[in-house]
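Trainee: Fold the following for me, if possible:
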Amino acid sequence: MGDLILGNFKHLCVRTTLKVVLMAAVIFALLFLLISSPVISPRVTGAQRLPDIIVIGVRKGGTRALIEMLKLHASVVAAHNEVHFFDWDSHYQRGLDWYRSQMPYAQPGLLTVEKTPAYFTSVKAPERVLRMKPDVKLLLIVRDPTTRLLSDYTQVFHNQLAKHKRPLPLETLLMREGELNPNYKPLNRSLYHVHLERWLAVFSVDSIHLVDGDALIQHPLPEIKKVEKFLKLEPQINASNFYFNATRGFYCLRARGRDRCLHGSKGRKHPPVDPDILQKLYEYFREPNRRFFDLVGRTFDWK
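Mentor: Sure, this is the predicted structure:
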């Protein structure tokens with residue numbers, strides 16, 4: 001009798017173990033399918049297309065603010081990051097299929113935009129962009145060249161601090177034997193006419209819309225409405241999309257019930273600069289600014 005009970009008990013244990021093993025195998029198989037299968041998001045629809053609009057520059061001119069404001073419009077979708085396709089050979093050699101893969105998914109009728117401010121100063125970018133799409137719309141945002149230079153230095157200054165490096169003073173980088181150093185890259189980036197001449201050699205002036213970066217910061221709505229008109233977008237962006245943040249000291253955005261400001265790195269205070277050096281910069285940029293004004297057929301209130 002005892003042997004019979006023991007045998008039944010062993011049989012029950014075996015059956016229970018087999019059930020547990022079978023259930024574990026089923027669970028493992030389901031997990032494997034979930035992990036190995038591509039994730040299909042219901043929000044990812046449409047197709048990736050080459051951009052209709054490119055924000056070509058300038059660095060520290062307000063390109064991030066511009067593209068964030070453009071995204072307020074329901075007909076515009078933007079690439080998440082700066083792609084650096086036309087200015088980096090390593091990226092350009094990957095071809096247009098790779099470039100397309102960096103674009104957001106967009107339904108028919110929507111406009112795709114990407115921004116890489118380094119395009120403006122790239123020697124190769126204008127011809128490469130033209131070959132990609134001759135009818136592409138280009139947005140160029142500029143601001144006072146001295147202010148832009150100081151913002152450029154400020155960004156590098158904080159980036160080096162973040163890497164636990166000791167940044168060089170602006171005067172050390174900017175000056176050589178009492179004169180401005182023409183090899184200092186931020187100085188060259190503010191010579192707008194030099195770079196714009198390259199773009200106008202391959203694109204008509206009607207293909208490039210010029211945005212006043214200083215005005216965009218102080219009074220964003222009128223500037224972004226001009227962009228809407230240039231892109232032939234249905235007017236949508238309005239005063240309700242902007243509110244002034246007194247703590248940050250600039251306008252933030254409001255859309256679809258959500259408020260957001262630009263990253264904390266935007267609008268950082270510039271380091272103090274010797275007044276004599278500032279005066280040298282104002283004088284240095286006076287003639288280049290005049291040549292830029294002649295190219296674009298308008299003037300800006302720059303020092």
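
Trainee: So, low pLDDT: which residues of the stretch 101-250 of the chain?
Mentor: Scanning the stretch 101-250 of the chain for pLDDT under 70 picks out no residues.

Trainee: Could I get the full set of strands for it?
Mentor: 105-106, 111-115, 137-142, 175-176, 179-180, 208-212, 242-245, 250-255 (DSSP state E, counting those that start in this stretch).

Trainee: and H73, which of the ones you listed is closest to it?
Mentor: Closest approach to H73 among these (CB to CB): strand 111-115, 8.4 Å. In short, each C-beta sits where N, CA and C put it, glycine included.

Trainee: and the closest one, what does it pack onto?
Mentor: When contacts are defined as 3 or more CB pairs under 8 Å, 6 or more residues apart in numbering; DSSP states H and E, strand 111-115 packs onto strand 53-57, helix 63-70, strand 76-78.

Trainee: got the contact list for the second one?
Mentor: Think helix 63-70. With CB atoms under 8 Å, 6 or more residues apart in numbering as the test, helix 63-70 has contacts from 53, 55, 57, 76, 78, 113, 115, 117, 139, 141, 211, 213, 216-217, 220, 224, 227, 237, 241, 253, 262-263, 266.

Trainee: again with stretch 253-265
Mentor: 64-65, 68-69, 72, 155, 158, 240-243, 245, 248, 250, 252.

Trainee: Around L130, count how many other residues there are.
Mentor: 16 (other CB atoms under 10 Å).

Trainee: so who does the closest residue to it other than its chain neighbours touch?
Mentor: Closest residue in space to L130, ignoring its immediate chain neighbours: V202 at 4.9 Å, by CB to CB, 6 or more residues apart in numbering. Residues in contact with V202 (CB under 8 Å, 6+ apart) are P126, E127, L130.

Trainee: Can you point out the buried residues in stretch 218-228?
Mentor: Neighbour counts over stretch 218-228 (16 or more other CB atoms under 10 Å) mark P220, L221, E223, I224, K226, V227, E228 as buried.

Trainee: quick revisit: the contacts of V202 in helices, which ones?
Mentor: Among the contacts of V202, the members falling in helices (DSSP state H) are P126, E127, L130.

Trainee: Now for Y153, how many residues are close by?
Mentor: 23.

Trainee: got a list of what it touches?
Mentor: Residues in contact with Y153 (CB under 8 Å, 6+ apart) are L170, L173, L174, P186, H270, P271.

Trainee: Which of those sits closest to L180?
Mentor: Nearest to L180 out of these is L174 (CB to CB; 6.3 Å).

Trainee: among the contacts of Y153, which ones are buried?
Mentor: Looks like the contacts of Y153 have L170, L173, L174, P186 buried, using 16+ other CB under 10 Å.

Trainee: Would you mark the buried spots in stretch 296-303?
Mentor: V296, F300, W302.

Trainee: From M103, how far out is the first one?
Mentor: Read it as V296. Note on V296: its distance to M103, by CB to CB, to the nearest Å, is 29 Å.

Trainee: re earlier: looking at the buried residues of stretch 218-228, which one is closest to L281?
Mentor: Taking these together and measuring to L281 by CB to CB, the closest member is E223, at 24.9 Å.

Trainee: would you list every one of the helices in the stretch 201-303 of the chain?
Mentor: Here the stretch 201-303 of the chain has its helices, by DSSP state H, counting those that start in this stretch, at 213-218, 220-230, 275-296.

Trainee: Those helices into a markdown table, with extra columns for distance to G95?
Mentor: Formatted as a markdown table, the helices of the stretch 201-303 of the chain follow (distance: least, CB to CB, whole Å):
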| stretch | distance to G95 |
| --- | --- |
| helix 213-218 | 33 |
| helix 220-230 | 29 |
| helix 275-296 | 33 |
